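1. kindly generate the corresponding structure for this input.
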Amino acid sequence: MQPVALIDMDGTICDFDLAMQRDLESLRAPCEEAREIGYGKDHPPYIWNRMLLIKGRGEWWENLPRIDKGFAVLEIMRELGYYISVLTQGPRDNAEAWSHKILWCKKNLPGTDVTITRNKGLVYGRVLMDDYPEYIMQWLEHRPRGLVIMPDQPWNQDFSHPNVLRHTDNIDEVREMLIKARDRADKEPLEV
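-> Residues are numbered from 1 along each chain as shown. Got it, this is the predicted structure:
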């Protein structure tokens, strides 16, 4: 059976933060201070409301910019023979975003399967590429020998786990670990 690689979207292969920052800036009044967004940032309610307004447009999700570093890892996975499947979480209260995430994938990853879930731990794969620690831990709870490639992001700087390889500019190390994960025997432990 072909080894499965699961690929997250936001913060991994598409740039949620860049698009949100751009669109919040376009709504900023001349007298307002610019604000930096990102996971874990504390914002006043009016900023959260603006973010909900922006995310509420389905086409916003469909037009998120690509993250080239994520696509570089994706290409290595393809070269190594992994079966690629997108694994993303859909916003709880915005079903329209779900369909537009699929449209993003159709444009940027034609022919790739997509799973939208609220719990990534329910989905099988040998490898997960994801930026968000909570989702990584959900997945690793059921896959103690799984490999996670974690794109280096400001919100995950304090996270580490023996099965997680942080992806910075270490593309050769990422390739080496993807080969190890692909070639390990079914019950063999993974050493990152």
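2. can you give me phi and psi for Tyr135?
-> phi -70, psi -30 (degrees, to the nearest 10).
3. my guess is it contacts Leu6, does it?
-> No - at 10.2 Å, Tyr135 does not count as touching Leu6 under the criterion of Cβ atoms under 8 Å. (C-beta placed from N, C-alpha, C; glycine too.)
4. as a quick check, tell me the outermost residue of the protein.
-> Most distant residue from the mean C-alpha position of the chain: Cys31, 34.5 Å away (Cα atoms, centre = their mean).
5. could you measure from it over to Met20?
-> According to Cβ to Cβ, to the nearest Å, Cys31 and Met20 sit 21 Å apart.
6. cool, and Met9?
-> Computed with Cβ to Cβ, the distance linking Met9 and Met20 is 14 Å.
7. what residues are shared contacts of Tyr135 and Leu6?
-> With contacts taken as Cβ atoms under 8 Å, 6 or more residues apart in numbering, the residues that reach both Tyr135 and Leu6 are Lys120.
8. quick one, which of the two is more surrounded?
-> Leu6 (25 against 20; other Cβ atoms under 10 Å).
9. so the more buried one is in which element?
-> Assigned by DSSP states H and E, Leu6 belongs to strand 4-7.
10. mind listing what's buried along the helix or strand following that strand?
-> Later in the chain than strand 4-7, the nearest helix or strand by DSSP H and E is helix 16-27. For helix 16-27, a neighbour-count test (16 or more other Cβ atoms under 10 Å) marks 16-17, 19-21, 23-24 as buried.
11. other SSEs contacting the helix or strand following helix 16-27?
-> Downstream of helix 16-27, the first helix or strand assigned by DSSP H and E is helix 45-55. Under the contact definition 3 or more Cβ pairs under 8 Å, 6 or more residues apart in numbering; DSSP states H and E, helix 45-55 sits against helix 16-27.
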